[in-house]
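Chemist: okay, here's the prediction I keep looking at, along with the sequence it came from:
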Amino acid sequence: MNDDNLSQLFDLLDTLPNPVTLNERSYDENGELFDKIIYVNKSFLKTIGYTTEDIPDDRVWFLKAYPQERYQHYIATEWFKAIAKAKEENSDLKGFPAKVRCKDGEDRWFSITTQIDHPISDKYRTIILVQTESPSETKLELDEKSLNLINKKLLLRTIIDTVPIRIFWKDRDGVYLGCNRAFLEDAGLKNEDEIIGKTDYDMIWKEDAERFIADDKRVIESGISELNFVERQPQAEGKYITLSTSKVPLKGSSGETIGILGIYQDITEEHEMKETLKEKEKMLHFQSRQAAMGDMIAMIAHQWRQPLSTISAIACNIQIQQALGSGSEEKLKEHSAVLLDQTQYLAQTISDFRNFYKQDKAVKTVQAADIIKDSLLIIDQLLNNSNISLHTSYCSVKQFNTYPKELQHVLINLIKNAADILLEKEGERWVKIATLEDEESVVFEVSDNGGGIDQTIIEHVFEPYFSTKKEKNGTGLGLYMSQTIVERNLKGTISCKNTAEGAVFTVRLPIIETAL
């Protein structure tokens, strides 16, 4: 079309009462198709205000007329839908409503239409905007609701596809209705269309389909959600992943259950780590029990040393008296009484140790002083035989619920650790045991004058296999197990610090009135 013809066309467009743009279809440097706006008529300038310098092409127009990003998406969607429908019906594009931001900053409503086939040339396109002077409130509300709905759906879809969990939904018969991208990857599929209409029998986990379907059926029939249960899901090449799964019933508009929504996370790595930790804990417990048995034998030896010496001396004395013929019936009775006392002491020692080490997981109501006294039945003789002074201070009178045997185990271990350190010290040796309390806690303190723990290692004393003792005397498990018992079973805390004289270990337990 030559300049004269274009000029005549411009004059013609200026006679039209509606805003019109004449566009020339062009390609940019990247080969992308766009509309170059070569003319806007007088009605366009009067109503909307933009010149061809303001809007040189449809891309600039799009940004100025529809400044909100979400509205741009709506307009583009409506435009391409209208174009497709017009081509299908072999007609001109039927107008659809659009809110246009004019140059003066006001928003005005128009019905936008165009000719699919331009009468002059396919190179040109005429865009006509029919202004709606007073769009009805109903129409305005419907348009905004439609826009919001579209954006909500887009936002929901984006969220579903980007969250780091797997999501799927099925109908009552176990037929897949949809899923997110992460679920498709687990299923070995690329597009959601590939899974819609299928059941678990069609998936790579078909071997476990009956189990999955039974779970679905149970939730659907009961109407009760099942949350965070652990299961395995078969994968390709005989592999499995471990899942933390939740399934909830999908409700219809009338409240009836119409299907099921499933969500799961791949916790394979976490599960394997937990299993590894369990095995390590089992090994640590076994080694700890072995170490405890060794400690028990050592403490029995300490308890028996004196009475066995007494029994041996009396037996030797009786033999000498019989050989010399100097024994008397009265002397024999005295010796027999001493022997009987000592053997009863040995029997009582065995009973004390047996009661201490037998399994007793019953929660009992106790006082702190009683726990200390029962613990000293086991270890007091070790302190005596090692020339270690014992000082006790009972300042707690409150009763509390705990596992007595486990608490005694911790206290005996702390006292024995102190004794082991003190054996390397010359001069005065002492261990102090104190009980304290406040409104919420009962506190046990075990301290000594062994010089304390090196500050460079004190923060590691509760780690497994870490020992401050000489290699031949320490396993590095005692304090680790003590911390495990206090924190996991007794719901308390254990800590250590240095004073000017030595180390202080503090066990703080909550005053619990019900079972742990």
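Modeler: Yes, it's here.

Chemist: secondary structure class for Arg218?
Modeler: Each residue gets one of three states, and Arg218 gets helix by DSSP: H, G, I helix; E, B strand; the rest coil.

Chemist: do the same with Ile453
Modeler: The three-state assignment at Ile453 reads coil, by three-state DSSP.

Chemist: quick one: residues contacting it.
Modeler: Neighbouring residues of Ile453 by Cβ atoms under 8 Å, 6 or more residues apart in numbering: Val461, Thr468, Cys496, Asn498, Ala503. The C-beta positions use only the backbone N, C-alpha and C, and glycine is treated the same way.

Chemist: helix or strand for the nearest residue to Pro164 once chain neighbours are set aside, which one?
Modeler: Residue nearest to Pro164 in three dimensions, not counting chain neighbours: Ala182, with 7.1 Å by Cβ to Cβ, 6 or more residues apart in numbering. Per DSSP states H and E: Ala182 is located in helix 181-187.

Chemist: biggest separation within the contacts of Ile453, which pair?
Modeler: Maximum pairwise distance among those (Cβ to Cβ): 12.0 Å, between Thr468 and Asn498.

Chemist: thinking the residue nearest to Pro164 is in contact with Ile160, fair?
Modeler: No: the pair Ala182 / Ile160 is not scored as a contact, 9.2 Å apart, by Cβ atoms under 8 Å.

Chemist: and these two? which has more neighbours close in?
Modeler: Under the criterion of other Cβ atoms under 10 Å, the comparison of Ala182 against Ile160 puts Ala182 first, with 20 against 16.

Chemist: ok, the more buried one - contacts?
Modeler: Applying Cβ under 8 Å, 6+ apart, we find Ala182 in contact with Asp161, Val163, Pro164, Ile165, Arg166, Ile167.

Chemist: leaving out the residues flanking it, which one is nearest to the second one?
Modeler: Nearest non-adjacent residue to Val163, counting by Cβ to Cβ, 6+ apart: Asn180, 7.3 Å away.

Chemist: quick one: the one you found from Ser43, how far?
Modeler: Between Asn180 and Ser43 the computed distance is 49 Å (Cβ to Cβ, to the nearest Å).

Chemist: which residue is the nearest non-sequential neighbour of Glu86?
Modeler: Residue 86: Ala, not Glu. Distances taken as Cβ to Cβ, 6+ apart place Leu93 nearest to Ala86, at 4.4 Å, with adjacent residues excluded.

Chemist: bridged to that neighbour, which residues?
Modeler: Thr114 (DSSP bridges).

Chemist: ok, it - how many residues close by?
Modeler: By the criterion of other Cβ under 10 Å, Leu93 has 19 neighbours.

Chemist: lowest average confidence, helix or strand, in this protein?
Modeler: Least confident helix or strand of the chain, by mean pLDDT, DSSP states H and E, is helix 137-162 with a mean of 56.

Chemist: what comes up buried for the next helix or strand after that helix?
Modeler: Where DSSP H and E defines the elements, the next helix or strand beyond helix 137-162 is strand 166-171. Across strand 166-171, burial judged by 16 or more other Cβ atoms under 10 Å covers Arg166, Ile167, Phe168, Trp169, Lys170.

Chemist: flag the shaky bits of the stretch 201-350 of the chain, pLDDT-wise.
Modeler: Applying pLDDT under 70 to the stretch 201-350 of the chain picks out residues 235-238, 271-272, 274-277, 280-307, 309-310, 325-327, 338, 341-342, 344-350.

Chemist: do you have the helices of it handy? List them.
Modeler: 209-222, 268-324, 329-357 (DSSP state H, counting those that start in this stretch).

Chemist: over to the stretch 1-150 of the chain?
Modeler: Using DSSP H, counting those that start in this stretch, helices in the stretch 1-150 of the chain cover 3-14, 42-47, 58-65, 69-89, 137-162.

Chemist: test my guess that Glu226 contacts Lys217.
Modeler: No: using Cβ under 8 Å, Glu226 is not in contact with Lys217, being 11.6 Å away.

Chemist: rewinding a little: now distance to Phe212 too, for the contacts of Ala182, in CSV please.
Modeler: Below are the contacts of Ala182 laid out as CSV (distance: Cβ to Cβ, whole Å):
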residue, distance to Phe212
Asp161, 22
Val163, 21
Pro164, 22
Ile165, 17
Arg166, 13
Ile167, 15
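
Chemist: which one of these is nearest to Gln265?
Modeler: Gln265 lies nearest to Ile165 out of the contacts of Ala182, by Cβ to Cβ, at 5.2 Å.

Chemist: tell me what Val431 is bridged to.
Modeler: Counting by DSSP bridges, Val431 forms beta bridges with Leu390, Asp448.

Chemist: what count of nearby residues applies to Asn191?
Modeler: Each residue near Asn191 was counted by other Cβ under 10 Å, and the total is 9.

Chemist: what sits closest to it if chain neighbours are left out?
Modeler: Closest residue in space to Asn191, ignoring its immediate chain neighbours: Leu184 at 7.4 Å, by Cβ to Cβ, 6+ apart.

Chemist: okay, buried residues for stretch 254-262 please.
Modeler: Ile258, Gly259, Ile260, Leu261, Gly262.

Chemist: OK, contacts around the second one?
Modeler: Meaning Gly259. Counting by Cβ under 8 Å, 6+ apart, Gly259 makes contact with Trp169, Lys170, Asp171, Arg172, Leu177, Ile220, Pro249, Leu250.

Chemist: switch those residues over to CSV; also include distance to Glu24.
Modeler: Below are those laid out as CSV (distance: Cβ to Cβ, whole Å):
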residue, distance to Glu24
Trp169, 48
Lys170, 52
Asp171, 52
Arg172, 57
Leu177, 47
Ile220, 60
Pro249, 58
Leu250, 52
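
Chemist: quick one on the thing from earlier: okay, and the common contacts of Ala182 and Ile160?
Modeler: In contact with both Ala182 and Ile160: Ile167, using Cβ under 8 Å, 6+ apart.

Chemist: re the thing from before, quick check: the farthest pair among the buried residues of stretch 254-262?
Modeler: Spanning the widest gap among the buried residues of stretch 254-262 are Ile258 and Gly262, at 14.3 Å by Cβ to Cβ.
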